[in-house]
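# Got a predicted model here, sequence first, then my questions.
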Amino acid sequence: MDLTCVVRRHVKVLSRRKCNFSDAVFNPPQFVDIFPDPQLTSLFTIARSKEIRVQCQACDVSALNINTDCATTEAHGVFHKEGGWPRDVNPQEADQTARYRKKIEKDEACSRTVLQLGHVELI
């Protein structure tokens, strides 16, 4: 199996910054040489390096192409006029629904619930 990864770039992108090498000694004054405390060296341990290899890791990275799946969404409204009728009440029959409404409206808990649901606080 032959794995290849082709990276195409313009020459101007690759040659933007040019290295400026010189023989001058660079020793700015902001660098400080702090020696380690010998009493604290016993508290530290040397961490072993870990190495993880992944096959063809660079092939997943693309500099120019973007391949995304477009999801088309739509917002739909639902018109809910009436509902929640018991099984023995046919919502198509006007007299059955009127009888059921009268029965429910006589219940005190129903009237309290309607008042609580209809209460609007003005700020």
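The structure has been received and is ready for your questions.
# C-alpha only now, for contacts and for neighbours.
Noted.
# Could you check how far Asp107 is from Asp33?
Applying CA to CA, to the nearest Å, the value for Asp107 to Asp33 is 85 Å.
# more crowded one of these two?
Ranked by neighbour count (other CA atoms under 10 Å), Asp107 and Asp33 place Asp107 first, with 10 against 6.
# where do the helices sit along this structure?
Under the criterion DSSP state H, helices of the chain are mapped to 11-14, 94-106, 108-118.
# Same list, those, but as JSON lines with mean neighbour count and distance to Arg87 please.
Converted to JSON lines, these look like this (neighbours: other CA atoms under 10 Å; distance: least, CA to CA, whole Å):
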{"stretch": "helix 11-14", "mean neighbour count": "8", "distance to Arg87": "73"}
{"stretch": "helix 94-106", "mean neighbour count": "12", "distance to Arg87": "12"}
{"stretch": "helix 108-118", "mean neighbour count": "11", "distance to Arg87": "20"}
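# how about the ones you listed, which one is nearest Ser22?
Between Ser22 and the helices of the chain, the shortest separation by CA to CA is 21.8 Å, and it involves helix 11-14.
# hmm, back to that, for my notes, please list the helices of the chain in a markdown table and give mean pLDDT for each entry.
Shown next, in a markdown table, are the helices of the chain (pLDDT from 0 to 100):
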| stretch | mean pLDDT |
| --- | --- |
| helix 11-14 | 66 |
| helix 94-106 | 88 |
| helix 108-118 | 82 |
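# Output those helices as CSV; include the columns distance to Phe44.
Formatted as CSV, the helices of the chain follow (distance: least, CA to CA, whole Å):
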stretch, distance to Phe44
helix 11-14, 42
helix 94-106, 76
helix 108-118, 65
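# Between those, which one is closest to Lys50.
The closest of these to Lys50 is helix 11-14. By CA to CA, the value is 31.6 Å.
# Below-threshold pLDDT in this structure: ranges please.
For the chain, the stretches with pLDDT under 70 are 1-2, 11-20, 25-31, 54-67, 78-83, 120-123.
# Let's see that with 80 instead.
Scanning the chain for pLDDT under 80 picks out 1-34, 36, 47, 49-71, 75-84, 114, 118-123.
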